[in-house]
Each structure stands twice: as C-alpha cells, then as structure tokens.
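> got a structure for you, letters missing:
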C-alpha cells in the first residue's frame, strides 16, 4: 500500500512539473522496481547507503578499481563517459567533471566530490595515465568488460549477490540526491537528461548551485 501510494504521488508530481511522457513512465517504473526488490526489508534498511554502495566502495582495495566505482556513483556517469574521461575533464576549481560528447553528442558538467578528487590525485601519482584517466595495461582506453569485471568482483567480495552494473550506480546517485532534497531539474541535468542547449549548460548549473548540492558519496567517506 505504501509503495503504490508513493509511486502514484511521484507520477502526479512529474505530470504537474511538466516532465516529458517518457520521464513520467520511466521514473515511476524504476521506483516500482526499487520497492519490489526491497519488499522484505524495513524502510531504515532501504534508506541506508550500506546497500551496494558503502560496502562496495570500502571493500575495494585496488586503487584504480576504487576510483572507477567511486566515480560511477559520485558523478552519475555512464560507463562510456567514464572510459572517455581525460585529465583535462577534471575541473578541480569548480569541483565538476566536464563530460564531452555524451549521449546525443552533448556536453555537460556533473559533480566532483572532494573525497574522490583526493583519491584521484593519489591514483594519478601511482599510475600516471597518459591520455585517458583510466587506461589498460598496454595503454589506450580501459575496456568496458574490465569495468564489468571490477564491479562483479567487488560486489562478490562485499557479499552482494545482486548483479551490480554501472547503470545501477548511476541510478543510485540520482536516487540518493533526490532523497536528500536536491531539485529534480538539477539531477536531470547532472545525468545529462536535459533538453537544454549544451552551450547554456554553465548558466543552468552555476557554481553556487553546484556548491549547494551535497555529493552522496561524502556520507560514505565521512
């Protein structure tokens, strides 16, 4: 009953706020899947970031792997976006990642956690990547299958039986931002779902707006 009411309320809010029909269908559907997966657990357990996220990150010992998982979650990245990241895409002054030629050939910015930035600095000193932030043993872009294997291995070590995917971490990023009261319009732009022109992105998400958004991964590193 609680789940059905919450889904209906979410659907009504999306309609009232004027979101597209596609968004009105997708968000309630994911919310329904979320409730269905945790139907045998209490609300405190559902809200805890201990599920797939905190154990996943803290249980990952390899520095490169920890950076990959942390970025997927803390910046809401698609796997392809992660693999295409370059050093120059990290803006430590504004504390954002600049995602170039994302889905739909759009550019956007998303959050960069100070904790993750510190981790990346340690990683850079050790691995010294040349072109891409994450590179294979022989150089060049890190492979998609390697990312999948990292998540599978880390999930197994953390005792997580569910199949953990990059999209799941991206969805968790959005869910946790929404839970802490972040405006849905900001979340959509951080995820790259906005229909706004790419040249206007810096006016849509100002430095002040970025500063007011607390990155959900910071609760994990505290």
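Happy to help now that I have it. These numbers were taken from a predicted model, which means no experiment stands behind them.

> Could you use CA atoms for every contact and neighbour count after this?
Will do.

> Could you give the average pLDDT over the helix or strand harbouring residue 118?
Assigned by DSSP states H and E, residue 118 belongs to helix 114-127. On average, the pLDDT along helix 114-127 is 96.

> How far does it sit from its chain's centre?
Centroid separation for helix 114-127 versus its chain: 18 Å, with CA atoms, centre = their mean, to the nearest Å.

> what's the closest non-adjacent residue to the residue nearest the centre of the chain?
By CA atoms, centre = their mean, the chain has its centre lying nearest to residue 76, at 2.0 Å. Excluding the flanking residues, the one nearest residue 76 by CA to CA, 6 or more residues apart in numbering is residue 170, at 4.2 Å.

> Do you know the pLDDT at the one you found?
Looking at residue 170, its pLDDT stands at 87.

> Can you give me the buried ones in the helix or strand it falls within?
Using DSSP H and E, residue 170 sits within helix 166-179. Neighbour-count burial for helix 166-179, counted by 16 or more other CA atoms under 10 Å, picks out 166, 168, 169, 170, 171, 172, 173, 174, 175, 176, 177.

> got it, and stretch 8-20?
For stretch 8-20, a neighbour-count test (16+ other CA under 10 Å) marks 10, 11, 14 as buried.

> can you give me the strands in the protein?
Secondary structure of the chain (DSSP state E): strands at 90-91, 96-99, 108-111.

> highest average neighbour count across the ones you listed?
Ranked by mean neighbour count, the strands of the chain are led by strand 108-111 with a mean of 23 (mean count of other CA atoms under 10 Å).

> coming back round to it: tell me which of the strands of the chain lies nearest to residue 4.
Shortest separation from residue 4 across the strands of the chain is recorded for strand 108-111, at 31.8 Å, computed as CA to CA.

> and that closest one, average pLDDT?
Here the average pLDDT along strand 108-111 is 91.

> same thing with stretch 26-42?
Averaging pLDDT along stretch 26-42 yields 66.

> residues touching residue 154, list them.
Shown in contact with residue 154 (CA atoms under 8 Å, 6 or more residues apart in numbering): 56, 57, 59, 60.

> Can you tell me which of the residues you listed end up in helices?
56, 57 (DSSP state H).

> so which of the strands of the chain gets nearest residue 117?
Smallest distance to residue 117 across the strands of the chain (CA to CA): 8.7 Å, for strand 90-91.

> So which of the buried residues of stretch 8-20 belong to helices?
Secondary structure from DSSP H places 10, 11, 14 of the buried residues of stretch 8-20 in helices.

> CSV for the residues you listed, including pLDDT?
Compiled in CSV, these are given as follows (pLDDT from 0 to 100):
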residue, pLDDT
10, 75
11, 78
14, 75
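
> Wait, residue 116 touches residue 71, no?
Yes - look at residue 116 against residue 71 with CA atoms under 8 Å: they come within range, at 7.1 Å.

> Pick out whichever of these two has more residues nearby.
residue 71 (24 against 20; other CA atoms under 10 Å).

> Can you find the helix or strand of this structure with the lowest average pLDDT?
helix 201-204 (a mean of 38; mean pLDDT, DSSP states H and E).

> Can you measure across stretch 65-82, start residue to end residue?
Its start and end residues considered, stretch 65-82 measures 12 Å (CA to CA, to the nearest Å).
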